Structures are given as C-alpha cells and as structure tokens.
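Engineer: Here is my input; please provide its structure:
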Amino acid sequence: MINADEREVQAAKEAITALGWRLEPGVKYGAQFLAYESLAETGVRGARDHARHCVNVVAPAGGERTAEEGSSDAPLTWYWLKAHARVSNSVRKSLLLAHVGTNGAVSGVVVSNWAGGDPGGGRED
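Structural biologist: Residues are numbered from 1 along each chain as shown. Predicted structure coming up:
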C-alpha cells in the first residue's frame, strides 16, 4: 500500500534523521521528503545544498495492519514505482522507499540510484 499513516511517517522520519540525514518537504519532485547529507559526512562542498534522495514512506502491505489501524486505499503498483524512480533519476537523486513494520522497525530500500559524480549536478533544489 502506498499511503502511510502519520505514525508510520513520523517513525520513518525519526529513523532517517537519526542516521544523520536532514529531511525537507519533497513535493517539488513528487516525493514526501528530500534527504540531505551533512557537509561533515561528505567532505564535498555544496553537498548540504543538494538532496541525495527522494524519500517516500510506504505503508505495510495488506494484512500487516490490524482492523483498528485501518488500511490505505491504493496499492503500490509497478506503474507508481517506475514513475517515481524515473522522476528521481531525472533530477539526479536516488529514490528511497521507507517501510515501517508493525513492530515499529523501519527498513528502507534504494530503488533507483543516481550514480552521477556531482552531488548537486548543477541543479537547484
């Protein structure tokens, strides 16, 4: 399912920021968030000014939520996934999908990985 609830989004945000990433709204690129590295971690001037990842928090697949928690209405389809992967790649960013399990554990997968050399690629965020 695509639509994560607020609890899942908050858990994913906390896990990603605990790893040293700064999150900002990602609506410009059709994502929930953009993840920025810190200059101290990269050693690359300008790395803080350009996001490395487009981040979407995806809800658990059907059956993982209890009846009280409800479920989202839209399934995660190959079309949705490919569209987001293409957009993130075209703006020189990796697509990161974050998933929150019923036990609260957050896992993530990089779906498309931009392998360009310049973190900013000369583009504005």
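
Engineer: Please pull out the lowest mean pLDDT helix or strand from this protein.
Structural biologist: None of the helices or strands of the chain scores lower by mean pLDDT, DSSP states H and E than helix 39-42, at a mean of 56.

Engineer: in the chain, which spans are strands?
Structural biologist: 22-25, 33-36, 53-58, 94-100, 106-112 (DSSP state E).

Engineer: Lowest mean pLDDT across the ones you listed, which one is that?
Structural biologist: Note on the strands of the chain: strand 106-112 shows the lowest mean pLDDT, a mean of 79.

Engineer: Which elements pack onto that one?
Structural biologist: When contacts are defined as 3 or more Cβ pairs under 8 Å, 6 or more residues apart in numbering; DSSP states H and E, strand 106-112 packs onto helix 6-18, helix 78-90, strand 94-100. All C-beta spots, glycine's among them, are computed from the backbone N, C-alpha and C.

Engineer: Now tell me what touches the first one from outside.
Structural biologist: Counting by Cβ atoms under 8 Å, 6 or more residues apart in numbering, the neighbours of helix 6-18 from elsewhere in the structure are 4, 23, 32-33, 35, 55, 57, 59-60, 98-100, 104, 106, 108.

Engineer: Pick the most deeply packed of the strands of the chain.
Structural biologist: Ranked by mean neighbour count, those are led by strand 53-58 with a mean of 26 (mean count of other Cβ atoms under 10 Å).

Engineer: quick one: strands adjacent to that strand?
Structural biologist: Strand partners for strand 53-58, identified by DSSP bridges, are recorded as strand 33-36 (antiparallel), strand 94-100 (parallel).

Engineer: Would you mark the buried spots in stretch 13-26?
Structural biologist: K13, A15, I16, W21, L23, G26 (16 or more other Cβ atoms under 10 Å).
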